[in-house]
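>>> Structure for the following, please:
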Amino acid sequence: MKWKRIPLGPLQTNAYVVIKGKDCVLFDPGSEGEKVIEFIDSLGLKPHAILLTHAHFDHIGGVDVVREKYQIPVYIHVNEKDWLSDSSLNGSIFFMGSGIAVKEANHLIENEGELQVGPFQFSVLETPGHSPGSVSYYSEEAEAVISGDTLFQGSIGRTDLPGGDHQQLMRSIDEKLLSLPEETAVLPGHGMETTLIDEMETNPFLNGFSLG
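Numbers count the residues shown, from 1 in each chain. Predicted structure coming up:
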């Protein structure tokens, strides 16, 4: 199993295409859907689903273009099911001056657990804090976790947006992400990939923090 990071849009939000043979799943096509389609078609891949880490505008803007091209389902956490079509909740009206609205998801994630999509299996981890419905997807086979805007190389997700909660974010990182094997690759929503061990050793937000 391998992956391709595709930075998209003005905020360079990372979409990921996780690949196994000629099958793939897509994470967070935030804009420039045609760019994602071009990559998929260039390799002759068969997409099975779009998995969203959360519903902020820069992670969902290309969803409908890609979904309609391949007729594949979209997954999102139930806590953000209304964010896809609400520009005030997904933030597009405030940050872009115009609203982004995406059709409703085909599947709502209501609990943590195993998610089978085609030949892919992920452990869904609820990691709220950046937003109420933030989730991370861990693949034991790939030894990687798609963390959205929860954990970055050298940083953590912002919590000053609606529904953000700093203590909750730190708890999500501590209890969910840092409980994974330390060699796990972290595929964040922005910036470069990293590993859990590197973040435990060098991330200033994780060094010495206490949840009390």
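
>>> I'd say residue 64 and residue 104 touch.
No: when contacts are counted by Cβ atoms under 8 Å, residue 64 is not listed as touching residue 104 (10.7 Å). Using the backbone N, CA and C atoms, a C-beta is placed for each residue, glycine as well.

>>> With neighbour numbers in mind, choose between these two.
Comparing residue 64 with residue 104 by neighbour count (other Cβ atoms under 10 Å), the higher total belongs to residue 64, at 18 against 11.

>>> taking the mean pLDDT, what do you get for the helix ranked longest in the chain?
In the chain, assigned by DSSP state H, the helix with the most residues is helix 33-42. Mean pLDDT, helix 33-42: 97.

>>> same deal with stretch 1-11?
The average pLDDT within stretch 1-11 is 94.

>>> Pull the distance from that stretch to the chain's centre.
11 Å (Cα atoms, centre = their mean, to the nearest Å).

>>> what's in contact with that stretch?
By Cβ atoms under 8 Å, 6 or more residues apart in numbering, the residues outside stretch 1-11 that reach it are 13-20, 29-32, 35-36, 39, 58, 61-62, 120, 139, 141-142, 144, 187, 190, 193.

>>> Run through this structure and note the low-pLDDT ranges.
95-97, 208-212 (pLDDT under 70).

>>> what ranges do the strands span in it?
2-8, 13-20, 23-27, 46-51, 74-77, 107-109, 113-117, 120-126, 135-139, 144-148, 151-152, 155-156, 185-188, 194-195 (DSSP state E).

>>> and those, which is most packed in?
Highest mean neighbour count among these (mean count of other Cβ atoms under 10 Å): strand 144-148, with a mean of 27.

>>> Packing partners of that strand?
strand 135-139, strand 185-188 (3 or more Cβ pairs under 8 Å, 6 or more residues apart in numbering; DSSP states H and E).

>>> Using PDB, write out the CA atom coordinates for the first one.
Once non-C-alpha atoms are left out, strand 135-139 reads as follows in PDB (Å, rounded to 0.1, in the frame of the first residue of the first chain):
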ATOM      1  CA  VAL A 135     -11.600  11.900  12.700                       C
ATOM      2  CA  SER A 136      -8.300  10.200  11.800                       C
ATOM      3  CA  TYR A 137      -8.000   7.100   9.700                       C
ATOM      4  CA  TYR A 138      -5.300   4.600  10.700                       C
ATOM      5  CA  SER A 139      -4.100   1.900   8.400                       C
END
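
>>> same for that strand, what does it pack against?
strand 120-126, strand 144-148.

>>> go on, the last one?
With contacts taken as 3+ Cβ pairs under 8 Å, 6+ apart, strand 185-188 sits against strand 13-20, strand 144-148, strand 151-152, strand 194-195.

>>> With distance to residue 133 added, can I get the ones you listed in JSON lines?
Formatted as JSON lines, the helices and strands packed on strand 185-188 follow (distance: least, Cβ to Cβ, whole Å):
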{"stretch": "strand 13-20", "distance to residue 133": "17"}
{"stretch": "strand 144-148", "distance to residue 133": "10"}
{"stretch": "strand 151-152", "distance to residue 133": "16"}
{"stretch": "strand 194-195", "distance to residue 133": "23"}
